[in-house]
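*Asks:* Sharing a model prediction with you, sequence too.
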Amino acid sequence: MVGSIANSLVELGEDNTTPMVPLVDNVGTTCLAITEPEVGKEAVEAKDASIEDVLVKYVEHLKERTQHHLGYPYNLDFDYGSVIAKLSGFSINNLGDPFIESNYGVHSRQFEVAVLDWFAHLWEINKQDYWGYVTSCGTEGNLHGILVGREVFPDGILYASKETHYSVFKAARMYRMECVKVETLVSGEISWEDLQAKLLLNRNKPAIVNANIGTTVKGAVDDLDKVIQILERNGFKDRFYIHCDSALFGLMMPFFNQAPKITFKKPIGSVSVSGHKFIGCPMPCGVVITRSIYEKKLSDFNQVEYLASVDSTIMGSRNGLAPVLLWHGLSRKGYKGLRKAAQKCLRNAIYLKERLRESGISALLNPLSSTVVFERPIDPTFIQQWQLACEGNIAHVVVMPNITITKIDEFIEELLEMREAWFRGGKIAKPCVAENIGRENCLCELHKI
Ligand SMILES: Cc1ncc(COP(=O)(O)O)c(C=O)c1O
(Lines give C-alpha, C1' and ligand atoms only; values in the text may rest on other atoms or scores of the structure.)
Protein backbone atom coordinates (compact mmCIF):
# COMPACT_ATOMS: atom_id res chain seq x y z
CA MET A 1 0.00 0.00 0.00
CA VAL A 2 1.39 3.39 -1.01
CA GLY A 3 2.48 5.52 1.91
CA SER A 4 1.55 3.02 4.59
CA ILE A 5 4.68 3.30 6.71
CA ALA A 6 5.20 7.05 6.73
CA ASN A 7 1.52 7.80 7.19
CA SER A 8 1.24 5.49 10.10
CA LEU A 9 4.01 7.38 11.86
CA VAL A 10 2.27 10.71 11.77
CA GLU A 11 -0.68 10.81 14.07
CA LEU A 12 -3.17 13.45 13.06
CA GLY A 13 -5.03 15.76 15.42
CA GLU A 14 -8.77 16.30 15.67
CA ASP A 15 -9.00 18.34 12.47
CA ASN A 16 -7.24 15.47 10.70
CA THR A 17 -4.64 17.75 9.14
CA THR A 18 -2.52 18.98 12.02
CA PRO A 19 -0.19 16.24 13.25
CA MET A 20 -0.02 15.86 16.99
CA VAL A 21 3.54 16.26 18.14
CA PRO A 22 4.51 13.80 20.85
CA LEU A 23 5.99 16.17 23.42
CA VAL A 24 8.50 14.59 25.73
CA ASP A 25 9.75 16.38 28.80
CA ASN A 26 13.32 15.23 28.25
CA VAL A 27 15.25 18.07 29.85
CA GLY A 28 13.76 18.03 33.32
CA THR A 29 15.52 14.75 34.03
CA THR A 30 18.85 15.48 32.33
CA CYS A 31 19.45 19.12 33.25
CA LEU A 32 22.43 20.26 35.27
CA ALA A 33 22.18 21.17 38.93
CA ILE A 34 23.34 24.37 40.59
CA THR A 35 24.91 23.58 43.92
CA GLU A 36 25.92 26.01 46.66
CA PRO A 37 29.67 26.78 46.64
CA GLU A 38 31.50 25.40 49.64
CA VAL A 39 33.97 27.37 51.72
CA GLY A 40 37.72 26.76 51.66
CA LYS A 41 40.49 26.86 49.06
CA GLU A 42 40.27 23.19 48.12
CA ALA A 43 36.51 23.23 47.78
CA VAL A 44 36.69 26.33 45.55
CA GLU A 45 39.33 24.69 43.35
CA ALA A 46 37.30 21.49 43.07
CA LYS A 47 34.22 23.49 42.16
CA ASP A 48 36.09 25.46 39.50
CA ALA A 49 37.48 22.22 38.05
CA SER A 50 34.03 20.64 37.89
CA ILE A 51 32.57 23.76 36.25
CA GLU A 52 35.39 23.69 33.69
CA ASP A 53 34.72 20.02 33.04
CA VAL A 54 31.03 20.69 32.39
CA LEU A 55 31.91 23.50 29.97
CA VAL A 56 34.47 21.42 28.07
CA LYS A 57 31.90 18.65 27.57
CA TYR A 58 29.29 21.20 26.56
CA VAL A 59 31.59 22.67 23.89
CA GLU A 60 32.20 19.15 22.52
CA HIS A 61 28.47 18.58 22.40
CA LEU A 62 27.91 21.89 20.58
CA LYS A 63 30.61 21.03 18.04
CA GLU A 64 29.00 17.71 17.27
CA ARG A 65 25.48 19.21 17.02
CA THR A 66 26.80 21.98 14.77
CA GLN A 67 28.28 19.36 12.45
CA HIS A 68 24.94 17.57 12.12
CA HIS A 69 22.54 20.42 11.65
CA LEU A 70 20.43 20.74 8.53
CA GLY A 71 16.85 21.55 9.40
CA TYR A 72 16.73 25.10 10.70
CA PRO A 73 17.68 28.22 8.79
CA TYR A 74 20.71 29.18 10.83
CA ASN A 75 24.04 29.98 9.28
CA LEU A 76 26.39 28.31 11.74
CA ASP A 77 29.48 29.51 9.94
CA PHE A 78 30.82 32.69 11.57
CA ASP A 79 33.68 33.92 13.65
CA TYR A 80 33.19 36.86 15.97
CA GLY A 81 35.70 35.57 18.51
CA SER A 82 37.92 38.64 18.59
CA VAL A 83 34.99 41.08 18.84
CA ILE A 84 33.34 39.14 21.63
CA ALA A 85 36.63 38.87 23.50
CA LYS A 86 36.95 42.69 23.44
CA LEU A 87 33.38 43.28 24.59
CA SER A 88 32.72 40.43 26.97
CA GLY A 89 33.43 42.55 30.04
CA PHE A 90 30.66 45.08 29.38
CA SER A 91 26.92 45.04 29.93
CA ILE A 92 25.89 46.66 26.68
CA ASN A 93 22.22 47.51 26.68
CA ASN A 94 20.33 49.61 24.11
CA LEU A 95 17.17 49.95 26.15
CA GLY A 96 14.78 52.44 24.60
CA ASP A 97 14.74 54.03 21.19
CA PRO A 98 17.77 53.41 18.93
CA PHE A 99 17.82 57.04 17.80
CA ILE A 100 17.40 58.73 21.19
CA GLU A 101 20.22 58.15 23.63
CA SER A 102 19.03 57.38 27.14
CA ASN A 103 20.83 58.11 30.39
CA TYR A 104 22.35 54.61 30.31
CA GLY A 105 25.66 55.17 28.56
CA VAL A 106 26.91 51.60 28.03
CA HIS A 107 25.10 51.14 24.73
CA SER A 108 25.88 50.46 21.06
CA ARG A 109 23.39 52.78 19.32
CA GLN A 110 26.07 54.01 16.91
CA PHE A 111 26.35 50.41 15.61
CA GLU A 112 22.63 49.78 15.76
CA VAL A 113 21.73 52.80 13.64
CA ALA A 114 24.47 51.87 11.14
CA VAL A 115 22.84 48.43 10.79
CA LEU A 116 19.39 49.99 10.42
CA ASP A 117 20.66 52.42 7.77
CA TRP A 118 22.13 49.45 5.89
CA PHE A 119 18.79 47.63 5.85
CA ALA A 120 16.89 50.83 5.01
CA HIS A 121 19.13 51.22 1.98
CA LEU A 122 18.65 47.56 1.03
CA TRP A 123 14.85 47.88 1.21
CA GLU A 124 14.84 51.33 -0.41
CA ILE A 125 13.59 53.79 2.16
CA ASN A 126 15.21 57.15 2.93
CA LYS A 127 16.90 57.74 6.25
CA GLN A 128 14.41 60.39 7.32
CA ASP A 129 11.44 58.21 6.35
CA TYR A 130 12.15 55.07 8.33
CA TRP A 131 12.24 53.94 11.91
CA GLY A 132 13.30 50.54 13.21
CA TYR A 133 15.44 48.68 15.69
CA VAL A 134 17.58 45.61 16.18
CA THR A 135 15.22 43.07 17.69
CA SER A 136 15.88 39.95 19.73
CA CYS A 137 14.69 37.72 16.83
CA GLY A 138 12.49 37.55 13.75
CA THR A 139 9.48 36.88 15.95
CA GLU A 140 9.92 40.21 17.74
CA GLY A 141 10.08 41.92 14.35
CA ASN A 142 6.75 40.30 13.45
CA LEU A 143 5.25 41.27 16.79
CA HIS A 144 6.33 44.84 16.20
CA GLY A 145 5.28 45.05 12.54
CA ILE A 146 1.82 43.70 13.29
CA LEU A 147 1.48 46.00 16.30
CA VAL A 148 2.23 48.98 14.05
CA GLY A 149 -0.41 47.70 11.60
CA ARG A 150 -2.90 47.45 14.42
CA GLU A 151 -2.11 50.98 15.65
CA VAL A 152 -2.56 52.34 12.14
CA PHE A 153 -5.86 50.45 11.70
CA PRO A 154 -7.20 49.63 15.17
CA ASP A 155 -10.24 47.84 13.72
CA GLY A 156 -8.25 46.08 10.99
CA ILE A 157 -8.45 42.34 10.40
CA LEU A 158 -5.20 40.40 10.17
CA TYR A 159 -4.91 38.11 7.13
CA ALA A 160 -2.18 35.49 7.08
CA SER A 161 -1.79 32.35 5.01
CA LYS A 162 -2.06 29.07 6.85
CA GLU A 163 1.63 28.36 6.17
CA THR A 164 2.63 31.55 7.97
CA HIS A 165 5.10 31.26 10.86
CA TYR A 166 3.38 30.75 14.18
CA SER A 167 4.73 34.06 15.53
CA VAL A 168 2.15 35.92 13.43
CA PHE A 169 -0.71 33.98 15.01
CA LYS A 170 0.95 34.55 18.36
CA ALA A 171 0.79 38.31 17.64
CA ALA A 172 -2.91 38.03 16.78
CA ARG A 173 -3.59 36.28 20.09
CA MET A 174 -1.47 38.73 22.10
CA TYR A 175 -3.16 41.76 20.58
CA ARG A 176 -6.59 40.09 20.51
CA MET A 177 -6.90 40.83 16.82
CA GLU A 178 -9.41 39.24 14.52
CA CYS A 179 -7.34 36.95 12.34
CA VAL A 180 -8.33 35.24 9.11
CA LYS A 181 -6.33 32.26 7.85
CA VAL A 182 -5.94 32.13 4.09
CA GLU A 183 -5.46 28.92 2.09
CA THR A 184 -2.18 28.20 0.32
CA LEU A 185 -1.17 26.65 -2.98
CA VAL A 186 0.78 23.41 -2.93
CA SER A 187 3.98 25.49 -3.23
CA GLY A 188 3.17 27.17 0.10
CA GLU A 189 2.39 30.51 -1.53
CA ILE A 190 -0.78 32.33 -0.43
CA SER A 191 -3.88 31.49 -2.49
CA TRP A 192 -4.90 34.67 -4.31
CA GLU A 193 -8.40 33.38 -4.88
CA ASP A 194 -8.92 32.66 -1.22
CA LEU A 195 -7.33 35.95 -0.13
CA GLN A 196 -9.70 37.84 -2.40
CA ALA A 197 -12.74 35.84 -1.27
CA LYS A 198 -11.92 36.42 2.40
CA LEU A 199 -11.25 40.13 1.90
CA LEU A 200 -14.61 40.50 0.20
CA LEU A 201 -16.34 38.93 3.19
CA ASN A 202 -14.92 41.70 5.38
CA ARG A 203 -15.09 44.72 3.11
CA ASN A 204 -16.12 47.06 5.91
CA LYS A 205 -12.89 46.64 7.88
CA PRO A 206 -9.33 47.61 6.90
CA ALA A 207 -6.90 44.81 6.10
CA ILE A 208 -3.59 44.09 7.81
CA VAL A 209 -1.86 41.50 5.64
CA ASN A 210 1.15 39.43 6.57
CA ALA A 211 3.09 38.64 3.39
CA ASN A 212 5.56 35.78 3.59
CA ILE A 213 8.87 36.46 1.96
CA GLY A 214 9.79 32.83 2.39
CA THR A 215 7.49 30.53 4.36
CA THR A 216 9.01 28.54 7.18
CA VAL A 217 8.49 25.04 5.84
CA LYS A 218 8.55 25.35 2.03
CA GLY A 219 10.35 28.66 1.55
CA ALA A 220 7.52 29.97 -0.63
CA VAL A 221 7.46 33.68 -1.45
CA ASP A 222 4.17 35.59 -1.65
CA ASP A 223 4.08 37.98 -4.58
CA LEU A 224 3.85 41.45 -3.04
CA ASP A 225 2.63 43.06 -6.25
CA LYS A 226 -0.24 40.61 -6.44
CA VAL A 227 -1.19 41.18 -2.79
CA ILE A 228 -1.25 44.94 -3.40
CA GLN A 229 -3.23 44.53 -6.62
CA ILE A 230 -5.86 42.38 -4.91
CA LEU A 231 -6.20 44.84 -2.04
CA GLU A 232 -6.51 47.87 -4.30
CA ARG A 233 -8.86 46.20 -6.77
CA ASN A 234 -11.22 45.12 -4.06
CA GLY A 235 -11.83 48.47 -2.42
CA PHE A 236 -9.03 48.49 0.17
CA LYS A 237 -7.00 51.36 -1.35
CA ASP A 238 -5.58 53.43 1.53
CA ARG A 239 -7.19 50.96 3.96
CA PHE A 240 -4.48 48.33 4.19
CA TYR A 241 -1.20 47.70 5.92
CA ILE A 242 1.26 45.05 4.75
CA HIS A 243 3.85 43.51 7.04
CA CYS A 244 6.51 41.47 5.24
CA ASP A 245 7.79 38.55 7.27
CA SER A 246 11.18 38.17 5.62
CA ALA A 247 12.83 36.21 8.43
CA LEU A 248 15.24 34.37 6.16
CA PHE A 249 14.79 35.51 2.57
CA GLY A 250 14.67 39.24 3.33
CA LEU A 251 18.43 39.16 3.23
CA MET A 252 18.88 36.52 0.55
CA MET A 253 16.35 37.54 -2.09
CA PRO A 254 17.87 40.95 -2.83
CA PHE A 255 20.93 39.06 -4.06
CA PHE A 256 19.14 36.73 -6.49
CA ASN A 257 19.01 37.84 -10.09
CA GLN A 258 15.50 38.63 -11.26
CA ALA A 259 13.92 38.16 -7.85
CA PRO A 260 11.03 40.50 -7.06
CA LYS A 261 12.11 43.39 -4.86
CA ILE A 262 11.30 43.93 -1.24
CA THR A 263 11.04 47.71 -1.33
CA PHE A 264 9.36 50.51 0.56
CA LYS A 265 8.70 52.08 -2.84
CA LYS A 266 5.71 49.72 -2.75
CA PRO A 267 2.95 50.51 -0.25
CA ILE A 268 4.20 48.21 2.50
CA GLY A 269 4.26 49.13 6.19
CA SER A 270 7.07 47.07 7.68
CA VAL A 271 9.67 44.39 7.03
CA SER A 272 11.30 42.10 9.56
CA VAL A 273 14.26 39.75 9.24
CA SER A 274 16.21 37.48 11.60
CA GLY A 275 19.85 38.46 12.07
CA HIS A 276 21.13 35.05 13.11
CA LYS A 277 19.79 33.26 10.03
CA PHE A 278 21.55 34.21 6.85
CA ILE A 279 24.24 36.49 8.31
CA GLY A 280 25.01 34.16 11.18
CA CYS A 281 25.35 35.34 14.77
CA PRO A 282 26.07 33.59 18.06
CA MET A 283 22.85 34.92 19.56
CA PRO A 284 19.35 35.25 18.11
CA CYS A 285 18.66 38.75 16.81
CA GLY A 286 16.81 40.52 14.02
CA VAL A 287 15.87 43.80 12.43
CA VAL A 288 12.52 45.49 11.90
CA ILE A 289 12.07 48.53 9.70
CA THR A 290 8.86 50.55 9.43
CA ARG A 291 7.88 54.02 8.24
CA SER A 292 8.63 56.88 10.61
CA ILE A 293 5.12 58.32 10.12
CA TYR A 294 3.70 55.14 11.65
CA GLU A 295 6.21 55.08 14.44
CA LYS A 296 4.85 58.44 15.65
CA LYS A 297 1.63 56.66 16.56
CA LEU A 298 3.49 54.45 19.00
CA SER A 299 6.07 56.90 20.34
CA ASP A 300 3.50 59.49 21.41
CA PHE A 301 2.47 57.07 24.16
CA ASN A 302 5.89 55.79 25.04
CA GLN A 303 8.00 58.64 26.39
CA VAL A 304 9.80 57.36 29.48
CA GLU A 305 11.20 59.95 31.87
CA TYR A 306 13.14 57.30 33.80
CA LEU A 307 15.13 56.51 30.65
CA ALA A 308 15.17 60.02 29.19
CA SER A 309 14.22 58.24 25.98
CA VAL A 310 11.25 56.90 24.10
CA ASP A 311 10.56 53.20 24.08
CA SER A 312 8.28 51.91 21.37
CA THR A 313 10.12 48.59 21.18
CA ILE A 314 8.48 45.37 22.33
CA MET A 315 11.20 44.54 24.86
CA GLY A 316 12.70 46.71 27.58
CA SER A 317 16.40 45.98 27.91
CA ARG A 318 17.84 45.19 24.49
CA ASN A 319 20.93 43.19 23.62
CA GLY A 320 23.67 45.70 22.79
CA LEU A 321 26.18 43.13 21.58
CA ALA A 322 24.01 41.92 18.68
CA PRO A 323 24.13 45.26 16.78
CA VAL A 324 27.93 45.28 17.05
CA LEU A 325 28.11 41.76 15.65
CA LEU A 326 25.66 42.53 12.86
CA TRP A 327 27.64 45.66 12.02
CA HIS A 328 30.82 43.59 12.01
CA GLY A 329 29.31 40.81 9.86
CA LEU A 330 27.76 43.19 7.33
CA SER A 331 30.91 45.34 7.14
CA ARG A 332 33.12 42.35 6.50
CA LYS A 333 30.86 40.53 4.03
CA GLY A 334 29.38 43.53 2.24
CA TYR A 335 26.92 43.20 -0.63
CA LYS A 336 29.50 41.26 -2.62
CA GLY A 337 30.09 38.64 0.07
CA LEU A 338 26.39 38.25 0.81
CA ARG A 339 25.57 37.88 -2.90
CA LYS A 340 28.20 35.19 -3.26
CA ALA A 341 26.93 33.33 -0.19
CA ALA A 342 23.26 33.59 -1.24
CA GLN A 343 24.00 32.26 -4.71
CA LYS A 344 26.05 29.42 -3.28
CA CYS A 345 23.09 28.44 -1.09
CA LEU A 346 20.83 28.33 -4.15
CA ARG A 347 23.32 26.20 -6.11
CA ASN A 348 23.79 23.78 -3.22
CA ALA A 349 20.03 23.55 -2.70
CA ILE A 350 19.59 22.56 -6.35
CA TYR A 351 22.33 19.98 -5.92
CA LEU A 352 20.59 18.53 -2.85
CA LYS A 353 17.21 18.39 -4.58
CA GLU A 354 18.71 16.68 -7.60
CA ARG A 355 20.59 14.14 -5.50
CA LEU A 356 17.38 13.31 -3.62
CA ARG A 357 15.36 12.91 -6.78
CA GLU A 358 17.92 10.83 -8.63
CA SER A 359 17.91 8.58 -5.57
CA GLY A 360 14.15 8.14 -5.92
CA ILE A 361 13.19 10.47 -3.06
CA SER A 362 10.30 12.88 -3.58
CA ALA A 363 11.48 16.48 -3.24
CA LEU A 364 10.39 20.07 -3.87
CA LEU A 365 12.49 23.20 -4.23
CA ASN A 366 10.58 26.43 -4.80
CA PRO A 367 12.08 29.11 -7.05
CA LEU A 368 14.10 31.73 -5.09
CA SER A 369 14.41 29.33 -2.20
CA SER A 370 17.14 27.31 -0.58
CA THR A 371 14.68 25.20 1.39
CA VAL A 372 14.53 21.64 0.07
CA VAL A 373 11.38 19.79 1.11
CA PHE A 374 11.26 16.00 0.94
CA GLU A 375 9.51 12.97 2.35
CA ARG A 376 9.85 12.71 6.10
CA PRO A 377 12.44 10.10 7.12
CA ILE A 378 10.77 7.31 8.98
CA ASP A 379 13.16 6.97 11.87
CA PRO A 380 12.96 9.69 14.58
CA THR A 381 16.56 8.93 15.56
CA PHE A 382 17.72 9.87 12.07
CA ILE A 383 15.63 13.06 12.26
CA GLN A 384 17.26 13.96 15.56
CA GLN A 385 20.71 13.04 14.36
CA TRP A 386 20.46 15.58 11.51
CA GLN A 387 18.15 17.97 13.38
CA LEU A 388 15.64 17.95 10.55
CA ALA A 389 12.53 20.11 10.84
CA CYS A 390 9.40 18.08 10.04
CA GLU A 391 5.75 18.84 9.50
CA GLY A 392 3.30 16.06 8.78
CA ASN A 393 4.71 13.81 6.09
CA ILE A 394 7.46 16.17 5.01
CA ALA A 395 10.83 17.30 6.29
CA HIS A 396 13.13 20.02 5.06
CA VAL A 397 16.75 21.02 4.84
CA VAL A 398 17.47 24.75 4.71
CA VAL A 399 20.67 25.14 2.75
CA MET A 400 22.66 27.83 4.53
CA PRO A 401 26.26 28.92 3.84
CA ASN A 402 27.59 26.23 6.21
CA ILE A 403 25.82 23.42 4.30
CA THR A 404 28.51 22.38 1.88
CA ILE A 405 28.46 19.81 -0.92
CA THR A 406 30.51 17.49 1.31
CA LYS A 407 27.89 17.75 4.06
CA ILE A 408 25.08 17.15 1.58
CA ASP A 409 26.84 14.04 0.24
CA GLU A 410 27.37 12.73 3.77
CA PHE A 411 23.69 13.26 4.56
CA ILE A 412 22.47 11.64 1.34
CA GLU A 413 24.69 8.61 1.80
CA GLU A 414 23.43 8.07 5.32
CA LEU A 415 19.83 8.61 4.26
CA LEU A 416 20.11 6.12 1.41
CA GLU A 417 21.65 3.51 3.64
CA MET A 418 18.88 3.94 6.18
CA ARG A 419 16.17 3.87 3.53
CA GLU A 420 17.38 0.49 2.30
CA ALA A 421 16.52 -0.82 5.75
CA TRP A 422 13.31 1.20 6.21
CA PHE A 423 11.84 0.07 2.89
CA ARG A 424 13.45 -3.39 3.04
CA GLY A 425 15.27 -2.96 -0.23
CA GLY A 426 12.11 -1.90 -2.11
CA LYS A 427 9.72 -4.52 -0.69
CA ILE A 428 7.78 -1.78 1.09
CA ALA A 429 6.35 1.05 -1.00
CA LYS A 430 7.60 4.58 -0.61
CA PRO A 431 5.22 7.13 0.90
CA CYS A 432 3.05 9.34 -1.28
CA VAL A 433 3.60 13.05 -0.62
CA ALA A 434 1.73 14.40 -3.65
CA GLU A 435 -0.68 16.27 -1.42
CA ASN A 436 2.17 18.00 0.38
CA ILE A 437 4.54 18.85 -2.47
CA GLY A 438 2.57 18.25 -5.65
CA ARG A 439 2.16 15.21 -7.90
CA GLU A 440 4.97 16.39 -10.18
CA ASN A 441 7.42 16.22 -7.26
CA CYS A 442 6.20 12.95 -5.80
CA LEU A 443 8.08 9.77 -6.67
CA CYS A 444 5.77 7.22 -5.05
CA GLU A 445 4.67 4.19 -7.10
CA LEU A 446 1.53 5.98 -8.19
CA HIS A 447 3.08 9.28 -9.29
CA LYS A 448 6.55 8.53 -10.56
CA ILE A 449 6.72 8.69 -14.31
C1 LIG B 1 8.98 32.78 8.04
C2 LIG B 1 9.48 32.91 9.44
N3 LIG B 1 9.09 33.95 10.18
C4 LIG B 1 9.52 34.14 11.43
C5 LIG B 1 10.38 33.25 12.02
C6 LIG B 1 10.82 33.47 13.43
O7 LIG B 1 12.13 33.88 13.47
P8 LIG B 1 12.97 33.79 14.82
O9 LIG B 1 13.25 32.34 15.05
O10 LIG B 1 14.17 34.61 14.52
O11 LIG B 1 12.12 34.36 15.90
C12 LIG B 1 10.82 32.14 11.30
C13 LIG B 1 11.73 31.16 11.89
O14 LIG B 1 12.17 30.23 11.33
C15 LIG B 1 10.35 31.97 9.98
O16 LIG B 1 10.72 30.92 9.23
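*Replies:* Perfect, I can see it now.
*Asks:* What is the longest helix seen in the chain packed up against?
*Replies:* Looking across the chain with DSSP state H, the single longest helix is helix 321-358. The helices and strands touching helix 321-358, judged by 3 or more Cβ pairs under 8 Å, 6 or more residues apart in numbering; DSSP states H and E, are helix 81-87, helix 109-122, strand 130-135, helix 249-252, strand 363-365, strand 371-375, helix 405-422. For glycine as for every other residue, the C-beta is placed from the backbone atoms N, C-alpha and C.
*Asks:* Rounded mean pLDDT for the third one, please.
*Replies:* Put plainly, it is strand 130-135. For strand 130-135, mean pLDDT is 97.
*Asks:* so what does that strand touch, helix or strand wise?
*Replies:* helix 109-122, helix 138-152, strand 286-291, helix 292-299, helix 321-358.
*Asks:* one more time with 6 Å
*Replies:* helix 109-122, strand 286-291, helix 292-299 (3 or more Cβ pairs under 6 Å, 6 or more residues apart in numbering; DSSP states H and E).
*Asks:* right, and those - which one's nearest the ligand?
*Replies:* Nearest of those to the ligand, taken as Cβ to the nearest ligand atom: strand 286-291 at 5.5 Å.
*Asks:* Next, see if that closest one gets close to the ligand.
*Replies:* Yes. Residues of strand 286-291 contacting the ligand under Cβ under 6 Å from any ligand atom: G286.
*Asks:* residues contacting the residue in the stretch 101-250 of the chain that the ligand sits nearest to?
*Replies:* Of all residues in the stretch 101-250 of the chain, G138 sits closest to the ligand, at 2.7 Å by Cβ to the nearest ligand atom. With contacts defined as Cβ atoms under 6 Å, 6 or more residues apart in numbering, the neighbours of G138 are 247, 272, 274, 286.
*Asks:* Could I get the residues you listed in a markdown table, plus columns for neighbour count, pLDDT and secondary structure?
*Replies:* Converted to a markdown table, the contacts of G138 look like this (neighbours: other Cβ atoms under 10 Å; pLDDT from 0 to 100; DSSP: H, G, I helix; E, B strand; the rest coil):
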| residue | neighbour count | pLDDT | secondary structure |
| --- | --- | --- | --- |
| A247 | 26 | 94 | coil |
| S272 | 29 | 98 | strand |
| S274 | 26 | 96 | strand |
| G286 | 27 | 97 | strand |
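*Asks:* near the ligand, which residues of the protein show up?
*Replies:* Taking Cβ under 6 Å from any ligand atom as the measure of proximity, the chain contacts the ligand at 73, 137-139, 142, 165, 167, 212, 214-216, 245, 247-248, 274, 284, 286.
*Asks:* rerun at 8 Å
*Replies:* Contact residues, the chain versus the ligand (Cβ under 8 Å from any ligand atom): 72-73, 137-142, 164-165, 167-168, 212-216, 245-248, 272, 274-277, 284, 286.
*Asks:* Now do D77, the pLDDT please.
*Replies:* pLDDT, read off for D77, is 85.
*Asks:* and it, backbone torsions?
*Replies:* Dihedral pair for D77: phi -110, psi 100, per degrees, to the nearest 10.
*Asks:* Let me see the backbone angles for the nearest residue to it once chain neighbours are set aside.
*Replies:* Distance criterion Cβ to Cβ, 6 or more residues apart in numbering; nearest residue to D77, sequence neighbours excluded, is N402 at 3.7 Å. Phi and psi for N402, reported as degrees, to the nearest 10, are phi -90, psi 0.
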